[in-house]
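In: A predicted structure for the sequence below; I have some questions about it.
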Amino acid sequence: MSGPMSIAGIIERILDKLSGSSLLAAGLLLLTALGSALIAYWRTAERKSFREFFDFVFPNEIVTHPSARADLLFWITRKAIMPFLMLPAGVTFVVGVGYATNRTLAALFQVQPPLFPGPPGAVTVVIFTATMLIAYDISYYLYHVAQHRFPFLWELHKVHHSAEVMVGITKDRVHPLDELMNRAWDGVIPGICFGVWTLLSLNLVEVTIFGVNVYVMRNILMMDFVRHTHFKISFGPLNNIVLCPHWHQLHHSVDPRHYDKNFGLLFSFWDRLFGTLCVPKPDEDFRFGLMERGARDYQSLSGLYVLPLKKMWGHIARRFRRRASSEPTRSPQP
């Protein structure tokens, strides 16, 4: 009796989480992926049929690749452990820095927040949402650059770049510690931005689109799932503002010409502004993965979870040893 009841309880919990907004977000994500697949197929296929379309979307050399299997296993295990690690992290860091910013500015300028009491108007909500999106985006860009510049961060980020094929869920091929550190960093710039806004108004809410949070809509509109597939989608003139999937796929290329390029998340103008933009040729093909010894070690769960921590600790330990060896030894006083 207890067995069926426990299963029923699990099912009930799952159904409780499937709210209307989450189902809508999932539906929009699937529609975006399907639409992108149809566009990419229609542009490249000579003979058009359902069988040809299926083979285009699920090519055997990709879905049977060891990297794709590693992605699936990593995605399943990560979904199981991430709620315990990340549930409070994103909000806590932003709110904490925001509160500190609010109190510091209030004391500095001798003001009592909020400066504009009462519910914010529609224009205020839109401006608040836009500035928070920009704050999150530049925050992501800076951390992403650091992941490629600092060896101990790169050891964690290599998990993401170790994918040798792109299968959509590759977007979640991110080490848990890497994501936790990213969310902690996200508390700085977005947190300061949020703190400034709470000085003006305490009743801030972000724009929702059909009841879906703007950040979920951002992930759908920037096609985070699609840009980690083999679909070469470009936005045409909008590429100058929004980073299209094809431009992000170049970021994963093993071609040395493409190293440390196209770091952006949603907006492409950060890369243009800081000189890290690289525009691929139309329909240019890329080879993905890592070009170093032991690259295949990242196609297992131990390689994705444990190996980066070992290598990261190796960098830290070597730095401490070098610092210790460079310090002059003092002779004992007579």
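Out: It's in. Bear in mind the structure is a predicted one, so any value in this text is a computation, not a measurement.
In: show me where the stretch 201-334 of the chain has helices.
Out: For the stretch 201-334 of the chain, applying DSSP state H, counting those that start in this stretch gives helices covering 214-221, 245-251, 269-274, 301-305, 307-326.
In: Which neighbouring elements make contact with the longest one?
Out: Spelled out, that is helix 307-326. Other elements packing on helix 307-326 under the criterion 3 or more CB pairs under 8 Å, 6 or more residues apart in numbering; DSSP states H and E are helix 151-161, helix 176-186. All C-beta spots, glycine's among them, are computed from the backbone N, C-alpha and C.
In: if you set the cut-off to 7 Å instead, what comes out?
Out: Packing contacts for helix 307-326, counted by 3 or more CB pairs under 7 Å, 6 or more residues apart in numbering; DSSP states H and E, involve helix 151-161.
In: likewise the shortest one?
Out: The criterion is 3+ CB pairs under 7 Å, 6+ apart, and the helices and strands that helix 301-305 contacts are helix 66-86.
In: can you list the residues that contact the helix it packs on?
Out: Surrounding helix 66-86, the residues in contact under the criterion CB atoms under 7 Å, 6 or more residues apart in numbering are 62, 163-165, 167, 169-170, 172-173, 176, 179-180, 183, 299-301, 304.
In: Compile the helices of the stretch 201-334 of the chain into CSV and extend it with columns for mean neighbour count and distance to residue 157.
Out: As requested, these are exported to CSV (neighbours: other CB atoms under 10 Å; distance: least, CB to CB, whole Å):
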stretch, mean neighbour count, distance to residue 157
helix 214-221, 16, 19
helix 245-251, 23, 11
helix 269-274, 16, 17
helix 301-305, 17, 12
helix 307-326, 12, 9
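In: could the ones you listed be laid out in JSON lines, adding distance to residue 52 and mean pLDDT?
Out: Formatted as JSON lines, those follow (distance: least, CB to CB, whole Å; pLDDT from 0 to 100):
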{"stretch": "helix 214-221", "distance to residue 52": "27", "mean pLDDT": "70"}
{"stretch": "helix 245-251", "distance to residue 52": "21", "mean pLDDT": "97"}
{"stretch": "helix 269-274", "distance to residue 52": "35", "mean pLDDT": "97"}
{"stretch": "helix 301-305", "distance to residue 52": "34", "mean pLDDT": "96"}
{"stretch": "helix 307-326", "distance to residue 52": "39", "mean pLDDT": "86"}
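In: Dump those to CSV, plus distance to residue 25.
Out: Putting these into CSV (distance: least, CB to CB, whole Å) gives the following:
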stretch, distance to residue 25
helix 214-221, 5
helix 245-251, 19
helix 269-274, 26
helix 301-305, 26
helix 307-326, 30
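In: looking at those helices, which is closest to residue 134?
Out: Taking CB to CB, helix 269-274 is the member of these nearest to residue 134, at 9.8 Å.
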